[in-house]
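Asker: attaching a predicted model along with its sequence, questions to come.
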Amino acid sequence: MEKLTFSLNGSEYIELTSLLKYMGLAANGAQAQSLVTEGRVLRAGAIELRKRAKLRIGDCITVGDVSVEVVA
């Protein structure tokens with residue numbers, strides 16, 4: 001499994017679909033939304049169905065064989 005990190009750089013949170021696009025896990029917003037609605041995104045090991053879920057420091061998102069941890 002590939003493990004990546006995303007730094008919030010002083011922000012309080014990032015929305016799930018924005019993170020998927022920024023990290024290259026989705027080519028665009030429509031694809032990011034599809035990944036979420038199809039149940040292909042895990043947050044801390046559980047399926048996350050909220051497209052605009054606010055991800056904060058310590059959250060871990062998994063899509064396929066890629067894991068992204070949100071850090072400060």
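Answerer: Sure thing, it's come through.
Asker: any idea how many residues pack against the residue lying closest to residue 45 once chain neighbours are set aside?
Answerer: Using CB to CB, 6 or more residues apart in numbering and skipping the chain neighbours, the partner closest in space to residue 45 is residue 62 (7.6 Å). C-beta here means a position set from N, CA and C on the backbone, and glycine is covered the same way. A count of neighbours around residue 62, defined by other CB atoms under 10 Å, yields 19.
Asker: now do the buried residues in the longest helix seen in the chain.
Answerer: Across the chain, the longest stretch assigned as helix under DSSP state H is helix 29-37. Using 16 or more other CB atoms under 10 Å as the test for burial, helix 29-37 gives 32, 33, 35, 36.
Asker: hmm, the second one is touching residue 18, no?
Answerer: No: the pair residue 33 and residue 18 does not pass the contact test of CB atoms under 8 Å, sitting 11.2 Å apart.
Asker: on that earlier part again, for the residue nearest to residue 45, give me its contacts.
Answerer: Neighbour list for residue 62: 1, 41, 42, 43, 45, 68 [criterion: CB atoms under 8 Å, 6 or more residues apart in numbering].
Asker: for residue 72, see how far away it is.
Answerer: 20 Å (CB to CB, to the nearest Å).
Asker: torsion angles phi and psi at residue 22?
Answerer: phi -60, psi -40 (degrees, to the nearest 10).
Asker: quick one: neighbours of the spatially closest residue to it that is not a sequence neighbour, just the number.
Answerer: Leaving aside its chain neighbours, residue 22 sits nearest to residue 6 (7.1 Å; criterion: CB to CB, 6+ apart). Using other CB under 10 Å, residue 6 has 16 neighbouring residues.
Asker: list the beta-bridge partners for residue 6.
Answerer: Beta-bridge partners recorded for residue 6 (DSSP bridges): residue 70.
Asker: about what we covered before: quick one: which of the contacts of residue 62 is most hemmed in?
Answerer: residue 41 (25 neighbours).
Asker: roughly how far does that one sit from residue 9?
Answerer: Taken as CB to CB, the span from residue 41 to residue 9 is 22 Å.
Asker: and for residue 29?
Answerer: Taking CB to CB, one finds residue 29 at 21 Å from residue 9.
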